[in-house]
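**Q** The following comprises the amino acid sequence and a computationally predicted model.
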Amino acid sequence: MQLNPDWVVGFVDGEGCFFVGIQRNPTVKIGFQVIPELRVVQHYRDVDVLHGLKTFFGFGRVCRNHEERWEYRVRRLEHLREIVSFFQSHKLKTKKRIDFQRFADVMRLMEEGRHLTKDGLNEIARIATLMNTGNRPRLAALMDEDRVQSGVKASEENWTYRCLIARRRANDNLAICGNILRAQSTRQRRSVPVTMIEIGQSAGNLESINDSRDPQRLYARHPK
């Protein structure tokens, strides 16, 4: 199948996707890997068009996407440079040109080695969340500076944080109960416990728990 540049521009305008993925990779120093790619997906009955694109550009891969859908995919950076050069010379006509421009910006940052730095990775993630990539929530989570720096998943970080808070609350509860028992064993006059403090509804309540360890604040005396 022989394709011409104008046809390719129109076809990619309608069927193509400029995608920027970011995934964990423990072999990379920063802990994450940036994966830009061009995808064009078609039903299997039109797979010849995908092979035509591969022939036109001279690189890429035609493979199964899902069930009866197949895709033409370009991932290698040296090939993506040629893709960027082609679409800079042959302008896309629809709003997809905005995604392409952002895609080109990501490629430029990678050429500069910025994807190997914390700040550069955050910048790439910020650009990628503006694209029609379908994974915006996950990319947005990666923009947190501490998460990118430490290489910890948002879900893991939240779980660790919750465990830490629960342990601190448990320790505070034991300390308060110890104060109550000591106060009861040494009290001179009849007293009754105040309704138990609402312990640690949130992490922000830890200070109020610490302030409440004074037995004078834990008990209220009956009027005689």
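**A** On my side now, so go ahead.
**Q** Now do the contacts for Val41.
**A** By C-beta atoms under 8 Å, 6 or more residues apart in numbering, the contact set of Val41 is 15, 17, 65, 69-71. (C-beta placed from N, C-alpha, C; glycine too.)
**Q** one more time with 7 Å
**A** If you count contacts by C-beta atoms under 7 Å, 6 or more residues apart in numbering, Val41 has them with 15, 65, 69, 71.
**Q** Show me which of these has the smallest pLDDT value.
**A** On pLDDT alone, Asn65 ranks lowest of these, at 91.
**Q** before we move on, the earlier item: tell me the buried residues within the contacts of Val41.
**A** Taking 16 or more other C-beta atoms under 10 Å as the criterion, what is buried in these is 15, 65, 71.
**Q** which SS class is the spatially closest residue to the first one that is not a sequence neighbour?
**A** Taking C-beta to C-beta, 6 or more residues apart in numbering, and ignoring the residues beside it in sequence, Glu15 has Val40 as its nearest neighbour in space, at 5.3 Å. Per DSSP: H, G, I helix; E, B strand; the rest coil, the local secondary structure of Val40 is strand.
**Q** burial count for the closest residue to Gln88 other than its chain neighbours?
**A** Leaving aside its sequence neighbours, Gln88 sits nearest to Ala104 (C-beta to C-beta, 6+ apart; 7.1 Å). Applying other C-beta atoms under 10 Å, we find 19 residues neighbouring Ala104.
**Q** residues contacting the residue nearest to Glu15?
**A** Contact analysis of Val40 by C-beta under 7 Å, 6+ apart lists 12, 15-16, 50, 53, 71-72.
**Q** try Asp48
**A** Asp48 sits next to Met1 when contact means C-beta under 7 Å, 6+ apart.
**Q** picking up where we left off before, narrow the contacts of Val41 to those in strands?
**A** 65, 69, 71 (DSSP state E).
**Q** buried residues in the helix or strand that contains Phe100?
**A** In the assignment (DSSP states H and E), Phe100 maps to helix 96-111. Of all the residues in helix 96-111, those buried under the rule 16+ other C-beta under 10 Å are 96, 99-104, 106-107, 109-110.
**Q** still on that earlier bit, any chance of the contacts of Val40 in a markdown table, plus distance to Ile127?
**A** A markdown table is the format used below for those (distance: C-beta to C-beta, whole Å):
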| residue | distance to Ile127 |
| --- | --- |
| Val12 | 20 |
| Glu15 | 23 |
| Gly16 | 18 |
| Leu50 | 27 |
| Leu53 | 25 |
| Glu71 | 23 |
| Tyr72 | 24 |
